[in-house]
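Visitor: Okay, here's the prediction I keep looking at, along with the sequence it came from:
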Amino acid sequence: MTVENDPVTLIREKALWMRRTAFRMVHKAQLGHPGGDFSAIDVMATLYFGVMNYDPSRPDWAERDRFIMSKGHATGALYTALCAAGYYPEDWLETYMQPKSLLNGHPNRNYLPGIETNTGPLGHGFPVALGIAIAGQISGADYRTFVLTGDGEQQEGSNWEAAMTAGHRKLENLTLIIDRNRLQQGQGTEQTAGLDPLDDKYRAFGFHVEMVDGHDVAALLGLLSASPKGRGKPLCIIANTVKGKGVSFMENQASWHHGVPNAEQFAKAMEELV
């Protein structure tokens, strides 16, 4: 079977490229959030190379599926996904976080194609995705809306206002994905403001909830590509992930929330990301 006919292999290859490229970007800029990039990349690769309907030559195509990166600091994951999807050339990535670069530390829809809304202040992306999904429901459009949030971000009350409305409106065209790496800036989520049982909370708000290994692309593909029609409620996928996934010294280390590698660390990461 060729890679083109094997979506799981294709997604894995894209995810590897995204990790290597995002880490090079962070190393060159000496800025970024690589831990959260790496926990989210398998979800991102699955969406862009196995699930979503889009056309990079027509970023504003009315029938496109919408993706919102609510954890807006994870631009290494987002920018590499959009580049690999064909929205802009790879050499643009070389300007990451440089003065006057289009590739800011947080995504700006006025600068880059493929970005649906500006994000960065946590808790804002999910409410925007809610509005987009409501617009699709009212107009009878077939597009789907996907939003990826951090788990620490779930401590923002605006998420729960959005969840209440999404459940009330039975927005089956809306998929919320929570990057459940259990770490946020400084320490664990459960030490900061406990979230568990997160699955039961979203069920109480009227969501269909699935829990999955957020690095098992075959499982992610099965859940995310399933048709939402007839489900009668929004979908919440709690993706259990590892912060810094793929690099031994980064995994499950809160310091890599916004840590940047020195030359030795960069070389070791490139040896491991194969």
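Guide: Received the coordinates, thanks.

Visitor: Distance check, the closest residue to Val260 other than its chain neighbours against Gly186.
Guide: Here the nearest residue to Val260 in space, its sequence neighbours aside, is Gln30; by C-beta to C-beta, 6 or more residues apart in numbering that works out to 5.0 Å. Bear in mind the C-beta positions are built from the backbone N, C-alpha and C, glycine included. Separation of Gln30 from Gly186 (C-beta to C-beta, to the nearest Å): 20 Å.

Visitor: Look up the closest residue to Met69, ignoring the ones flanking it.
Guide: Nearest to Met69 is Leu78, by C-beta to C-beta, 6+ apart, at 4.8 Å.

Visitor: Tell me where this structure has helices.
Guide: With helices called from DSSP state H, the chain shows them at 7-29, 34-46, 75-84, 125-139, 157-168, 189-193, 198-204, 217-225, 263-272.

Visitor: since we're on Asp144, how many residues are nearby?
Guide: Rather than Asp, residue 144 is Arg. 22 (other C-beta atoms under 10 Å).

Visitor: quick one: contacts for it?
Guide: Under the criterion of C-beta atoms under 8 Å, 6 or more residues apart in numbering, the neighbours of Arg144 are Met52, Asn53, Asp65, Arg66, Asn173, Leu174, Thr175, Pro228.

Visitor: Just the buried residues from those residues, in ChimeraX please.
Guide: Burial among the contacts of Arg144 is assessed by 16 or more other C-beta atoms under 10 Å; the matching ChimeraX selection reads:
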select :52,65,66,173,174,175,228
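
Visitor: which of the contacts of Arg144 sit farthest apart?
Guide: Asn53 and Leu174 (15.4 Å; C-beta to C-beta).

Visitor: hang on, the earlier thing: in terms of pLDDT, where does the residue nearest to Val260 sit?
Guide: We have a pLDDT of 98 for Gln30.

Visitor: what separates it from Pro234, distance-wise?
Guide: Distance from Gln30 to Pro234, counting by C-beta to C-beta: 39 Å.

Visitor: swap in Ala193?
Guide: Distance from Ala193 to Pro234, by C-beta to C-beta: 23 Å.

Visitor: Of the two, which one has the most company?
Guide: The neighbour comparison of Ala193 against Pro234 (other C-beta under 10 Å) goes to Pro234, with 28 against 10.

Visitor: Hmm, Ala193 is touching Glu156, no?
Guide: No. The criterion here is C-beta atoms under 8 Å, and Ala193 misses it with Glu156 at 10.2 Å.

Visitor: Please enumerate the shared neighbours of the two.
Guide: Counting by C-beta under 8 Å, 6+ apart, nothing touches both Ala193 and Glu156.

Visitor: Perfect, I'm done here.
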